[in-house]
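Chemist: quick one, structure for this:
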Amino acid sequence: MPNMNDILRQANIMQRKLTKVQEDLADKEFEASSGGGMVKVVVNGRRELKSIVIDPKASDDLEMLQDLILAAVNEGLRIARETFEREVGALTGNIHVPGLF
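Modeler: Numbers count the residues shown, from 1 in each chain. All right, here's what the predicted structure looks like:
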């Protein structure tokens, strides 16, 4: 049976690894598109929208353009979140750690 010092040491190692994963993913960029590529967005691992490119043809229908922007941004954020969850899950053995997701 591990003693308390071993448990604390392992927890400290896990915390350092989690911090490293968070830092690595924070600057990683994720691209998504909608409308067959009419709207393209880039978000980062901090779930910030970094860029958006809109095909001029998409501006003919304002409502459609708004829907395409929302779809692309939400897809980019979903990709970023799932990547983070997959990376952290690999580190934690897929145990949900409160406050990480």
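
Chemist: now name the helix or strand holding the spatially most central residue of the chain.
Modeler: Centroid-nearest residue in the chain, with CA atoms, centre = their mean: Ala80, separated by 1.9 Å. Taking DSSP states H and E as the definition, Ala80 sits inside helix 62-92.

Chemist: what comes up buried for that helix?
Modeler: 65, 68-69, 71-73, 75-77, 80, 84, 87-89, 91 (16 or more other CB atoms under 10 Å). (C-beta placed from N, C-alpha, C; glycine too.)

Chemist: distance from that helix to the middle of the chain?
Modeler: With CA atoms, centre = their mean, to the nearest Å as the basis, helix 62-92 stands 7 Å off its chain's centre.

Chemist: show me what it is packed up against.
Modeler: helix 4-26, strand 29-34, strand 39-44, strand 49-54 (3 or more CB pairs under 8 Å, 6 or more residues apart in numbering; DSSP states H and E).

Chemist: at 6 Å what do you get?
Modeler: The contact analysis (3 or more CB pairs under 6 Å, 6 or more residues apart in numbering; DSSP states H and E) places helix 62-92 against helix 4-26, strand 29-34, strand 39-44.
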